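Participant: Structure, please.
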Amino acid sequence: MTRSAALALTVLALSAAATLTAGPAAAKACTNGVCASSTDDGRTVNVYLSTQLIGVTHYNVRRNGNQFESKGFFNFQARKGFKQSYHVQACRRGGFLQKSTCTPWANFHHTTD
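Facilitator: Next comes the predicted model:
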């Protein structure tokens, strides 16, 4: 076996091992400069927010008619077989007595199998 073939087999074996030991796959999407990655364990959906935008201080999150502020993580109860939606804005906090400046709402969802 050539050295390159042995290296390719080693990489393939390591890749397969990583696939077998990895947790549930994360669903990731980016819209309006906001990225959301979500995972669940069948009971809880964990959502991780990120952005490449400069100066973002927080995120506004809307879910089920409620709005709250997040620093980049939130969770909610998983519902098996349901497509659960949430909406996010990336924001820069305003100065004293000034409003925050935010991106348009980005719409995301998570489905628990």
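
Participant: what separates residue 102 from residue 57, distance-wise?
Facilitator: 10 Å (C-beta to C-beta, to the nearest Å). C-betas here are computed from N, CA, C, even on glycine.

Participant: hang on, I meant residue 99
Facilitator: Using C-beta to C-beta, residue 99 is found at 13 Å from residue 57.

Participant: What of residue 64?
Facilitator: 25 Å.

Participant: do the same with residue 47
Facilitator: When distances are taken as C-beta to C-beta, residue 47 and residue 57 turn out to be 18 Å apart.

Participant: Now do the contacts for residue 70.
Facilitator: When the contact criterion is C-beta atoms under 8 Å, 6 or more residues apart in numbering, the partners of residue 70 are 49, 58-61, 88.

Participant: try residue 42
Facilitator: Applying C-beta under 8 Å, 6+ apart, one finds that residue 42 lies in contact with 78, 80, 112.
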